[in-house]
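J.: Provided below for reference: sequence and predicted model.
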Amino acid sequence: MNKYDVIVVGAGASGVFASYEFKKLNTDLKVLVIDKGNTIYKRQCPIKTGKVDNCINCNPCNIMNGYGGAGTLSDGKYNITTEFGGNMHDYIGRKKSLELMEYVDSVLCKFDGGESKLYQTKNSDLKTVALKHDLHLLDAKVRHFGTDRNVKILEKIYEWTKDKVDVLFNTTIVDIEKDKEFKLISDKGETFTCDKLVLASGRSGSKWISKICDKFNIKLFSNQVDIGVRVELPAEVFKHITDAVYESKIVYQTKEYNDLVRTFCMNPYGQVVAENTNGIITVNGHSYSDESLHSENTNFALLVSNTFTEPFKDSNEYGESIAKLSNMLGGGVLLQRFGDLKKGRRSDKRRMAKCFTEPTLKATPGDLSLVIPKRQLDSIIEMIYALDKIAPGTANDDTLLYGVEVKFYNSKVETDNNFETSVEGLFVVGDGAGSTHSLSQASACGVYVARYLNEILSKSM
């Protein structure tokens, strides 16, 4: 049996920065981080390496799991803001939240060598132009590293922390027990004990977190689910926007349904990628800082937020059912030209062969209207026409729509302001707690809990 002072389950953004902070504090605490995925050096998707064309359901998925979590192979974009990306400020306040996100930014830049660029949307001329068309640009600082540099940064953080914090990969915790201390049981039959336990399993661990909370009678509150598509178009269409602010979080309220639609995860000169979350294939986007790896396209998500009321409680199941339908029809990700969607016809190989926009992800041509509910699809179409007013060309027939993109938010776990649950010593942080939805906020959350645990445990030693 392996005895630790603190065990962190999940080596995503929260786990990585908790590890970093424990090392920086030069703590005497014995700390272990456990993750079901691979080390940073083995996280390679076979699609990206050219071994396969489509998702083959690797278990675990290297895009979603492993050191750094789902953010590792993302486009390395950190939004420093409390306007979106979670509600950590409800627990520790806006000032403290921003201070911690700025701290995370300084750490990342230190390991990057200070080569990245910081963009700001505040006071941007784009904000005024957008408002004229009922589009609302949210304020944020945006630090962009790119997928390539992001991986290198995380490699350096791992090397810097591994002598102080133990990390165990390819290990799944199947059960947790509590008496005087916590006992964790792995899929390999190993047991680990600790005084303080931090669950930081991210969005891919949403069902597992819910299972643990049910076991310990920890309250959960239903969260939202965002359903939409990933848009891909020639980079020139959004160049005047991405050159100025890089990541433009634009929110629009539709005239037909009063639904909120937003842009999300914009990737100039990027690639569209498939993701495997609990066996369900969805779509996302990445981009690189190295210009030799750039594509000719920009991609971004258009998401419609769905918040449900009683008696319905499982918003993620709703999103999963739509994604499963897409997987059933397309064997994974579906792809449709906007012109075909407008005309009520499916895209096929013949129509795609005439398309002027070259897809960066091999996907199955099809009809998204057979997958996405009418209300959400109508809202997405209305948003595309609204964006066309500030970025002419968005509504072109050859704009590509990949579906579906689903953002699963974990049910919100009831915790106090230090992210401790009703079970003494059990903390839930980051996306796993349903309190953060971004790399910056999840990382900051890990820093906060590491500092808190170091303070209270050091006093008792």
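T.: Cool, got the structure. Residues are numbered from 1 along each chain as shown.
J.: where along the stretch 101-250 of the chain do the strands fall?
T.: Secondary structure of the stretch 101-250 of the chain (DSSP state E, counting those that start in this stretch): strands located at 117-120, 135-137, 141-144, 165-168, 173-178, 182-186, 191-199, 220-221, 225-234, 250-253.
J.: Relative to Cys445, which of those is closest?
T.: For Cys445, the closest of the strands of the stretch 101-250 of the chain is strand 191-199, at 10.0 Å, according to C-beta to C-beta. Any C-beta I mention is one placed from the backbone N, CA and C, and that applies to glycine too.
J.: could you check the angle strand 182-186 makes with that closest one?
T.: 110 degrees (axes from the mean of the first three to the mean of the last three C-alpha atoms, to 10 degrees).
J.: the inter-axis angle of strand 191-199 versus strand 173-178?
T.: Using the same axes, to 10 degrees: strand 191-199 against strand 173-178 is 90 degrees.
J.: CA atoms only for strand 191-199, dumped as CSV, please.
T.: C-alpha atoms of strand 191-199 as CSV (Å, rounded to 0.1, in the frame of the first residue of the first chain):
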residue,chain,number,x,y,z
THR,A,191,-4.1,0.6,-3.5
PHE,A,192,-3.1,4.1,-2.5
THR,A,193,-4.0,6.0,0.7
CYS,A,194,-3.9,9.7,1.5
ASP,A,195,-5.1,12.3,4.0
LYS,A,196,-6.3,14.7,1.4
LEU,A,197,-7.8,13.8,-2.0
VAL,A,198,-8.2,16.1,-5.0
LEU,A,199,-10.4,15.0,-7.9
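J.: In that strand, which residues are buried?
T.: Residues of strand 191-199 classed as buried by neighbour count (16 or more other C-beta atoms under 10 Å): Phe192, Thr193, Cys194, Asp195, Lys196, Leu197, Val198, Leu199.
J.: okay, the fifth one: pLDDT?
T.: Reading off the confidence values, Lys196 has pLDDT 97.
J.: wait, isn't it in contact with Ser460?
T.: No. Between Lys196 and Ser460 there is no contact under C-beta atoms under 8 Å: 10.7 Å.
J.: so what are the domain limits for this structure?
T.: 2-123+141-222+411-460, 225-408 (automatic domain parsing).
J.: and Leu131, which of these is closest to it?
T.: Distance to Leu131, taken as C-beta to C-beta, is lowest for domain 225-408 among the domains of the chain, at 10.0 Å.
J.: Now do the closest one: distance to the chain's middle.
T.: Averaged C-alpha coordinates place domain 225-408 at 16 Å from its chain's average position (C-alpha atoms, centre = their mean, to the nearest Å).
J.: I'd like to know the average pLDDT value across it.
T.: On average, domain 225-408 scores 92.
J.: which helix is the longest one in this protein?
T.: Looking across the chain with DSSP state H, the single longest helix is helix 439-460.
J.: Identify each buried residue in it, please.
T.: Buried residues in helix 439-460, defined by neighbour count with 16+ other C-beta under 10 Å: 439-454, 457.
J.: quick revisit: can the domains of the chain go into a markdown table with extra columns for distance to Leu131?
T.: Converted to a markdown table, the domains of the chain look like this (distance: least, C-beta to C-beta, whole Å):
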| stretch | distance to Leu131 |
| --- | --- |
| domain 2-123+141-222+411-460 | 13 |
| domain 225-408 | 10 |
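J.: Since that was my last question, I'll sign off now.
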